[in-house]
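Colleague: Generate coordinates for the sequence data below:
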Amino acid sequence: MVPPSKDGLTRMHEAGKPILGPELLHLASGAMLPLQDSILVLESILLKDKDPNYPVFTVRVPRDVGVTDVPADIFFIAYEDIFKLFHARRLDYNLVRLFALNLAMKIKRESIPDDAIADPYYMRESQLNLSAVRVRASLYLQKCFLDNKRKDNILLAYFPEDTHCVLISIAPKFSLATYFDSGSAKKKNYARIREMPTYVVYKGRVPGVYEEWQDCLEQVHKFSGNSYKGYATREEAVAQWRAHVGKKKNRLKFLVPLLLTATAVVLYFTLV
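Modeller: Below you'll find the model as predicted:
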């Protein structure tokens, strides 16, 4: 373990030194050596600076593969995370996401027919605790499942309590999900990621509350000026719909007397 640096942070990787020691260097293969060498070169340049920043790799998410909304369109890989990867220590969430997106791109490039990889951006416990994020996660996953409904397997990484990774294999054809746990004695509750939102169509072919995404989609698809939103629970969706209907009724109560008054004024001046 490297002692705390001047900024007070304790890091595993000491800048300017090889990620792999002499005892492990001979075991490295593939892209490991070029990656280590490139990091050494970059760090040697940064260390010559009077006030160097701790370096990271910037990753841009492919638009046709992962979640591309801000802030999910760009994420960062710290050099310390690469150090953990080289030494087979627990991988940071960002490295798992990078690997998932890389596999998704490979599947797309090589037109692999039976498998798909979902972007795990939303699949952290800290994210799913937030109602709005949970709704976005459910919407993304439903779209992913619909886009890949003919696939045999959709692989998704999930991070309960942000401490480890659970791989979920989903078979859409059979409505089957298999959980491959990364190892922990603590009993886990996966119910949170199975919560499905309820949708409110405010403006569409038939406005109202819908339990299924496909039903909601039928009301708004190619409907000009459509307006709809997903809510984490049915109770919340119904409450929002009632509030919306109530506002419309209040507007009508105001508009009807106004229209009657305007009509009376027009008729008066027309007859006179």
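Colleague: rest of the way, CA atoms for contacts and neighbours
Modeller: Will do.
Colleague: Tell me if Lys17 really is in a helix.
Modeller: No: with DSSP: H, G, I helix; E, B strand; the rest coil as the criterion, Lys17 is located in coil rather than a helix.
Colleague: quick one, what contacts it?
Modeller: By C-alpha atoms under 8 Å, 6 or more residues apart in numbering, the contact set of Lys17 is Leu40.
Colleague: Ok, Val65 next?
Modeller: So Val65 contacts 101, 104-105, 119 (C-alpha under 8 Å, 6+ apart).
Colleague: Take the residues you listed and write them to JSON lines, including pLDDT, distance to Ile168 and neighbour count.
Modeller: Shown next, in JSON lines, are those (pLDDT from 0 to 100; distance: C-alpha to C-alpha, whole Å; neighbours: other C-alpha atoms under 10 Å):
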{"residue": "Leu101", "pLDDT": "91", "distance to Ile168": "16", "neighbour count": "21"}
{"residue": "Ala104", "pLDDT": "91", "distance to Ile168": "15", "neighbour count": "22"}
{"residue": "Met105", "pLDDT": "91", "distance to Ile168": "19", "neighbour count": "18"}
{"residue": "Asp119", "pLDDT": "92", "distance to Ile168": "12", "neighbour count": "26"}
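Colleague: can you tell me which two in those residues are farthest apart?
Modeller: Across the contacts of Val65, the longest distance by C-alpha to C-alpha is 11.0 Å; it joins Met105 and Asp119.
Colleague: helices or strands up against the helix or strand Phe76 falls within?
Modeller: Using DSSP states H and E, the element containing Phe76 is strand 74-78. Counting contacts by 3 or more C-alpha pairs under 8 Å, 6 or more residues apart in numbering; DSSP states H and E, strand 74-78 is packed against strand 56-60, helix 93-109.
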